[in-house]
Structure formats: structure tokens, C-alpha cells
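Engineer: just need the structure, nothing else, for what follows:
(3 chains)
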Amino acid sequence: MSTGGESSPPLPADPRVRQTRLLVVVLAVSCVVMALVSVWWGTGQLKISPIKAIDTLLDPEGASRLAEVSVDNRLSRVTMAFGVGIALAVAGALLQTLYRNPLASPEITGVTQGSVVAVVCYLVWGPAGAGDAVWVLPVVGSVGGLAAGLLTWAVTRLGGKLDPLRLILTGVLLAGVLGSIVALAIISAEALDQDIVQWTVGSVGTATWERVGILFVGVAIATPIGVAAIPYANSLGLGDDISQGVGLNVNAARSLVLVAAAVLTASAVSLVGGIGFVGLIAPHLVRRYTGADLRRLVPAAALAGAFLVSAADFASRNLRPNDIATHFGVSEEVNPITLPTGVYMAVVGAPFFIHLLRRLP
Amino acid sequence: MTAPGTTSHRDESPAVRLEDDGPDLEPSSWTRTAVVTGGAALLLLALAAYNLTQGEPDASLSEVWRSVWSTGPTDGVIIEILVREVRFPRVLIAVMAGLSLGMAGVTLQDSLRNPLADPYLLGVAQGAGFIVALNAVYPELTPPLPLTILCLLGGSLAAALVLVVSRQAQNPVRVVLSGAMVSLLLGVLSTVVVLLAPQARASALFSYFRFVIGSLAAINWDSVGTVLPWFLVGVPLTLASARILNLLQLGDEAAAGLGLNPSRARLWLISISMVLVTPFVAVIGPIGFVALFAPHMSRSLLATNDARRLLPVSGIIGATLLLGADTAGRLLFFPVETPAGLFTWIIVGPFALVLVGRLGKRAT
Amino acid sequence: MNALTETVVSDLRAAAIDAGYDKRKVLHGVDCTAFEGKVTALVGPNGSGKSTLLKVCAGLLAGDAGTVTVCGNDITTMKTREVATRLALLPQGPATPPFMTVRDLVEQGRFARVGPMGMLKRQDHDAVRDAIHLVNLTEFVNRDVDALSGGERQRAWLALALAQETPVLALDEPTTFLDIGHQWEVLELVRRLNDQRGLTVLMVLHDLNHAASFSDHMVVLQQGRVVADGDPWSVLTVDLLRDVFGVEASIVPDPRTERPLIVPHAAAQRQVAD
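Structural biologist: Just a heads-up that it's a prediction; the model follows:
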């Protein structure tokens, strides 16, 4: 049929396209700055000037061994933080659109908890020598996360209608199971395993290049699915009737979006642990400028997530509780450790969440 | 419920009839209440008897009977010691805790007019958990009070925070969301305390993790002594508040019109439900969804919202649920024990989810 | 472009439809046709099954019996994408996510035509531009949909359906939640689209006078059955208004358009349902 409207005037340019471009540039620069600062600035062991850091990277032979190790370590950590932030933020953006709920996020939809439960169970009750092969835990975590995500989705859709209460309660339920199992694991191990505790909150501190590699394998598998899912998710955000009306196979589209989000979340969480709030916050930070359309929202949110996690990790490395305790003269009362990244995400994220909740109608 | 024609010879005492509970209730609903209460109580008794006899070694019912009632020193009979010192207090705590949770659930749901008001969803367990962690690692930072009172403070503060953050205490979605997030934050803060514990104090942490599991494995007569005073104060106070609960269900304006200050009544009701629940949280840790599930189950069994009947029935159902979870957890994979907390999550949780769906359907 | 039979007639035919939700049957053997190039209005009292019939016609709800053909093809044998290139649907009271502009919304209408990665091609952008122009929202293209007035919002959603460039358009109570000016604005727009583009329109309407003024053909449903079918003058009778809609009314010609105009003056004496 003919369009009959050949004479229709051109549409004015969309200011959000420009805003998004600007935002992406700003966020990308922030990430780079964050990376440089992270590598350069490390209290405690060694201070390395930016020049020296770059020198070390370009010419490892010329640099001191210590500086080399340090730079290498910090750089892998920053890369890990970026990967985790990108994966979780994209998953959050997809889930918020899929559930048509601004507060949906990986930790609310059970994927995070499922992944953590699976890994903790494997570490404690799994075969001996568990976790030896570096790829084992991510696979276990991904399977757990996917299973929990699908379970939550099925439960939420019981009776055909999307029920936000069920969604949240399933998350609460899985969190309860998780808490109980982690505590049980610690008790039965008869020794306090700091790693498992750190892990429930999520820490980038365990980064090695090998693990970074695995994370990016996961991200590399999930990203094409995620990108392919964008037009579907965009449509699903308008409701089932509209989606089907414009030609979407609604069930297949939903599964695709859900799988993309679950794989992204699981590949991050199974490497660094149950880091929360990234997927919730990052899309909200940028949505005002990019609009709800995921084609613009996703790239900006991914960069925002990368920045958030690397900033939280920077805080984690440099805000040492022991230093603060020393200042007050009670250093022997405090374990000289750094707090995991997830703690700082939660401290920033919880008030932000409260702010979001209060703005809801 | 008498036909107009037959009342004429009785209208000399209308005031008495208003005082009476009879006229506004179908007689059959009291029958129903009696049947449900009796059935649930019988089930509870049977479960308790089963729990006391089973284990390593098994005991016969007569042995159990003798052990429970013998007051003198046990003459070295293992089974008597086991039943009297280990199994019996454990059953007693499970029943008391279940009763309290069931009754507190009704109180919270009706006073907030929110079908999902539940101490766990209000963050009570995580609030108490934070205090337990802090008290274990840095006892000098917490006030020198018994753990039950500390848990009462921590749990109540968390619940208050959740209700304030949600802004609409009667909106289930908002309350559950704020509860989830406040719990997440408190959980992270507890983890921070755990991680900060220096080696010298690390052993104290096990009491915290034992708390988080939500288990009745460590119960003894001392624990019964700890919670008993709270239980003896909380239960009568709750039962006495049934009429206030019924009034609040009519809505704030109607309740105020009938002479009740709704805000003060609500504060009072939330406070006594905290008194009921938190001492048990201090002793056995977080037990999810019992306080959510028992009231709804009794509502549908009794087909009423009358708090006077709901409170006891919900209490008995709560006790049955918790004792059942503990019994199953203790015996199912014997000798490995599944904690009651985990068991309630896995068994009661799915029911709760289905229930939520039905509530949602009714609302639309 | 596709393997289906070439479009012969741009119409929508539903024959002998039985349908319902779970165990509750709503429609019993309903026949309903939206003729090519005509506006067909689906009317009936509350709960008569109008919206259910529209859902069946649009393929959103599978009927228990009967057939629906869109442009000569059985809807159950077509893929969702193929349906979406022949029939566009505007459901009742759709909700827009926050921060979604009119353009973002309307571009969604091209879903069935764009490639797998959702990249819009030249003709897609043209279709979006035309659709927005047709509903007169060109100036508002970068506004967020949830910041528009009720009438503008409904026009934006209509543009989404128009961007699908389908010969058939199905609308479920497009005037609900609108005040009277915006109701007319939307209905006039539908009429204009029908005139200019030759669209076949099937719409559920609540207001009988709207149906009489804007449709060529009316189908009246009562308790899941068709009780009248034809042009407005033949369908709208005093008896029908009393028996189906429960109102005593006069029917007079609209002095301007000569279409029937209903002037109700009393609620009908309801007979006890038999």
C-alpha cells in the first residue's frame, strides 16, 4: 500500500541522541581517569606516578619488579571492575525493561543470589580440590544464576500475570536461603573462611588476568545475546499486547532477554561474588539523558556501571578500616584488611534506592 | 439473627445483647473455630509427641511421659536426660516461638492493614542480626543489656526504618521492597563487622553465624528461661488487643469515630508484636514466612477476619509449622541436621509465593 | 516479500467464533466482518464481549472455535510478524515507560519490518515520519509520552499503529479516559485516516453516538452473541436500545450529517432475566 504522506515534513532532530553521545564521551573519559588513578594511587604498599605506571606498562624490563607486579595487579583489578560493572549494568537495564519495573535488578530477580548459593555450596560440599580449575566456579555460578533467574521468572508469571510482589518475594526467599546456607557452610567448616564471607558481598580483589579472561569470555558470550535482545526488550517494555501487535513472538522474546540478563549477571557474580546495586543504579543514573530506548540506554548505562564499580573498588583499596582505627588508637581491635567492593556499592546504593522508592507514585 | 416476629418478648435487654458476642456471628462459625482449633492443637500435640520420641536413641511414649514429669534428679538414664534436657526444651521453644510468630503476624497484618506485614519482611531479623554481630565482636560498643533486649532494640529500629522508608505502610509492594533493601544493607553491615573482627575475637563470630542459620539445635533450659518472661507478658497483651485490631480493620476514620486513636493504637500493636517476636529471634535466629503464612492459613480456614478468633488459631498453626519444620529438619537426613530456618524457607516459602499471587488476584 | 497469498481484499473476517478465558465462555458463535475501506464499530453493553472479540480478531487470544482471516489469510497459520504487517492493534489504555519519547514509541511500530538487529532503514524512518505527521505530533516528536496530554498520548499510540503500515487497523475503545474534545479529535483522526489512506478500521466503542457518527457499519454484541449487524440507521432502533442497552430513547437524524443521533430519556424497565 502507498504511504500517502510523501509530503510529510522532516522530523526535528532528537536532542537525546546528542545528549547520549556527550554522556558516553564523559563517562568513557571518567572511566579512563578512574583507571589511571587506580593504577597510580595505592596507599600502603607503593605509590607509582602516572608516568612510571605507563612506563611500566610499555617497558616491563626497564621497570622495577615490584612496580611491575603492582601495576599489573592493579590494572587487572580495574579491568575486572569494568567488566563486572558493564555486565551488571546491562543486565539491570534489560531486566528493568522486561519486568516493566524501575526497581527490578539482578539482586531483586534472584540471579545474584542463585549464583552465590551455587558457588558457596560447591566450595563447601563439592568434590575435593574444588575450585582448582579456574573456570569451574564461573560455570557453577552461571548455572545457579540461570536456574534461579528462570525460577523467579516462572514464579512471577504464575497465573499469566506479571506480579511484582512475587518477584520481590522470590528474591527475599532466595536471599534467606543464601544467608542460611552460607552460615551453615561457615559453621561446618569450623573455621572462619574470610574468602566466602567476602564473596557473599562481592569483591574485585580476587582479580587475576586469568579470571579477567574468564569474565570477558562470559561477557563475550552474553553481549551478542544482549545486543540482539535490545529491540525485543524495547518492545516488551510497552506491554505484551502491544509487543504482539507489532509482530513480536512474546514468549520467545522474553526468554531471550531473560537469558541474556542472567548470563551477564552470572558471569560477573560468579567471579566476584554477590555485588549488589550496580544493576539497579546504573540505568537510573543515565536514563534521564538517554531516554528509555535501550539502544541509547544500554551503552551509557554500561559505562556508568563500569565507573561505579571501579570507583567502589578504588574506595575499597584506599579507605582502609585499619588506618582509620589507627587514627583513633584502636588498631589492634580491627582486622587489617580491606573491605570488599560490594560494601561500598551498598553504602552508596541503599540511600539511592530509598530515594528512588520515595519518588515512586 | 432472630426473625423479627420472635424478638418481641425479649427486647427488655437490648444493651446486654450488644455486649454479647452472639448476635453478630453465625453459630456455625464458632463451631468451625472450635473444629479448626481442636484439629490444629491435636496435630501440634501429635507432632510434639513424635518429635520427643524420635532421635538417637528413640524413646517410647511412656519414657517420654516419665522424663517430662519426673522432677527429681535423673538417675543416670540417658534417655531421660536426653528427653528432659535436650528434646523437651527444644519442643517447648519451637511451640512458643511458633505461637508468638503466628500471633504477631495477625497483629502486624491487621494493624498496618497490609497483607504482607511480617516481621521478617520488615527487616527485624537483619536488624537483630546486626546487633548480634556487633555484640559478638565488639561487646563494648553495645549497651550492657541482655541479648533479648538488644535484639528487641535492633529489630524494632529496623522495622521502624522500613516503615518510614516505605512511606505507605499499607502498600505491600513498597513495604516488601524497602524491607528487602534495608535487609540487604544491614546484611552488608553485619558482614563488615564480621570482616573487621581481629583474629583474637574471630571465635566470637560463630555465635553470629549460628544465629544467622536460624536453628533450634542449641536450645536448652536456659534459653527457655530467657524467653519465658517475654512470652508470658506478650501473649496476654496481644490477646487483649484483639478488639483494637478489629476496630482498626474498619479504617482509621471509622476507628477514630468509634473512640480509638488509630496512630497510638498502631504504635502499641507494633510494639507488642516486637515484644512477642524479637526475644525468639535472639534465641533461634531468623525464621522466615511463618508469621506471614500462619495468619493467612487461619483466615482461610476460619473464613473470618475476627482477630479474637484468628489470634489463637494463627498461633497454633504457627507453632505447628515451626515444630514441623524443626522435626523434619532434625530427622529427615538424620544424623545430619537441616536447620529449621532453612527448612521453613524451602517448605513454607513456595506456599507463601502462591499465596501472594492469590492476594494479588483478589486485589485486582 | 512473503510466502503468503498476495493480498486480494484488505478486510478482517471472523466467523463462528467461540472464545473465553479459562472456563468462562465469553463469545458464542460470533460472526463479524470489517469490510475493506470501511469503519466498523463494535458496540454492546459492558461485559458483552466486545474487547474479547477484538482480541481474537487481532490474534492476541486464541478462540476455541471458528476462524479469523486477515486479508484472506487464516490468522492462526501466520507468524506474529506476518500478522503485524497486515493488522495493527491499539489496545485499551496502554502504559508508557518513563523517559520514552514519541519517536522512540512510534519506531517500535516498525518491529515487524526491521532486520534482526532492529536497525531502522530509510523506509522505516519515512514511515515513522509519516505516521507522526498524520497524527499531527511532528512538533512533539522529542517529548516524553508520559508528559503529553491525554489526547496527544492517544495520538502517539495511534501513530505507533500507523507506522506498522497495515491495511487493517483495530482499536479498542480509543476514547476511554479522554475528555470530550479529545474524544472527537481522535475519532476524526481515525475517520480521516480511513478517508485518505483507505484503511479498514475495526474499533470497539463505548459511546453509541460516536459509533453512529463515525462508522459505516456497526456490529452489536449482547452476552457474547451478535444481535444486530448493518449500517447505523438499520442497526440502531428504539427496540434495540431498550432490549440491549436498557434505555428508552428517541433516534433522530443529526441535523448536520443526517446520521442517527440517540437522545435517551429514561432507563428502560428491566425485565427479570430469564
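
Engineer: pull out the buried positions in the least confident helix or strand in chain C by mean pLDDT.
Structural biologist: Every helix and strand in chain C was compared by mean pLDDT, DSSP states H and E; the lowest is helix C:80-84, with a mean of 87. By 16 or more other CB atoms under 10 Å in any protein chain shown, the buried positions in helix C:80-84 come out as C:Thr80, C:Glu82, C:Val83, C:Ala84. For every residue, glycine as well, the C-beta is placed using N, CA and C.

Engineer: and it, is it in reach of chain A?
Structural biologist: Yes: under the criterion of CB under 8 Å from any CB of the partner chain, chain A is reached by helix C:80-84 at C:Thr80, C:Arg81, C:Glu82, C:Val83, C:Ala84.

Engineer: need the residues that contact that helix.
Structural biologist: Helix C:80-84 has contacts (CB atoms under 8 Å, 6 or more residues apart in numbering or on different chains) with A:244-250, C:2, C:4, C:58-59, C:70, C:73, C:75, C:111-112, C:164, C:166.

Engineer: centre of the chain to it, how far?
Structural biologist: Centroid separation for helix C:80-84 versus its chain: 17 Å, with CA atoms, centre = their mean, to the nearest Å.

Engineer: spell out which parts of the stretch 251-361 of chain A neighbour chain C.
Structural biologist: Along the stretch 251-361 of chain A, the residues adjacent to chain C under the rule CB under 8 Å from any CB are A:Arg287, A:Arg288, A:Thr290, A:Gly291, A:Ala292, A:Asp293, A:Arg295.

Engineer: among the residues you listed, which are in helices?
Structural biologist: In helices, judged by DSSP state H, the following of those are found: A:Arg287, A:Arg288, A:Thr290, A:Arg295.

Engineer: which pair of the residues you listed spans the longest distance?
Structural biologist: Greatest spacing in these, by CB to CB: A:Arg288 and A:Arg295 (16.4 Å).

Engineer: nearest residue to A:Gly141 in space, please, no chain neighbours.
Structural biologist: Nearest non-adjacent residue to A:Gly141, counting by CB to CB, 6 or more residues apart in numbering or on different chains: A:Ser270, 2.2 Å away.

Engineer: wait, a strand at the one you found?
Structural biologist: No: looking at A:Ser270 with DSSP: H, G, I helix; E, B strand; the rest coil, it is helix, so not inside a strand.

Engineer: separation between it and chain C?
Structural biologist: 28 Å (CB to the nearest CB, to the nearest Å).

Engineer: what of A:Gln113?
Structural biologist: In terms of CB to the nearest CB, A:Gln113 sits 26 Å off from chain C.

Engineer: any idea how many residues pack against A:Val263?
Structural biologist: 24 (other CB atoms under 10 Å in any protein chain shown).

Engineer: ok, now C:Phe35?
Structural biologist: C:Phe35: 16 neighbours (other CB under 10 Å).

Engineer: wait, it touches C:Pro167, no?
Structural biologist: No: counting by CB atoms under 8 Å, C:Phe35 does not reach C:Pro167; the two are 12.0 Å apart.

Engineer: identify the contacts common to those two.
Structural biologist: Joint contacts of C:Phe35 and C:Pro167 (CB under 8 Å, 6+ apart) are C:Thr200.

Engineer: beyond the worst-scoring helix or strand of chain A on mean pLDDT, next helix or strand please.
Structural biologist: The least trusted helix or strand in chain A, going by mean pLDDT, DSSP H and E, turns out to be helix A:50-58, with a mean of 64. The helix or strand immediately downstream of helix A:50-58 is helix A:65-98, counting by DSSP states H and E.

Engineer: how near is A:Leu75 to A:Ser270?
Structural biologist: 22 Å (CB to CB, to the nearest Å).

Engineer: who has more neighbours out of those two?
Structural biologist: Higher neighbour count among A:Leu75 and A:Ser270: A:Ser270, with 27 against 19, using other CB under 10 Å.

Engineer: that one contacts A:Gly145, doesn't it?
Structural biologist: Yes: the criterion here is CB under 8 Å, and A:Ser270 meets it with A:Gly145 at 6.8 Å.

Engineer: which neighbours do those two share?
Structural biologist: Joint contacts of A:Ser270 and A:Gly145 (CB under 8 Å, 6+ apart) are A:Ser115, A:Ala118.

Engineer: one step back: among the contacts of helix C:80-84, which are located in strands?
Structural biologist: Counting by DSSP state E, those place C:Val70, C:Asn73 in strands.

Engineer: now, which of the contacts of helix C:80-84 lie within helices?
Structural biologist: A:Gln244, A:Gly245, A:Val250.

Engineer: okay, which residue is most central for chain A?
Structural biologist: Central residue of chain A (CA atoms, centre = their mean): A:Leu88, 2.6 Å from the mean position.

Engineer: contacts only, for that residue.
Structural biologist: A:Pro106, A:Leu264, A:Thr265, A:Ala268, A:Val269, A:Ile275, A:Val278, A:Gly279, A:Ala282, A:Gly305, A:Val309.

Engineer: could you do B:Leu44 as well?
Structural biologist: B:Leu44 touches B:Val95, B:Ile316, B:Ala319, B:Thr320, B:Leu323, counting by CB under 8 Å, 6+ apart.

Engineer: want to try CSV for the residues you listed, with pLDDT as columns?
Structural biologist: Formatted as CSV, these follow (pLDDT from 0 to 100):
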residue, pLDDT
B:Val95, 94
B:Ile316, 95
B:Ala319, 94
B:Thr320, 93
B:Leu323, 91
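
Engineer: in those, find the pair that's most separated.
Structural biologist: So, the contacts of B:Leu44 by CB to CB: farthest apart are B:Ile316 and B:Leu323, at 10.5 Å.

Engineer: related to what we said a few turns ago, most neighbours of all the contacts of B:Leu44, which one?
Structural biologist: B:Ala319 (29 neighbours).
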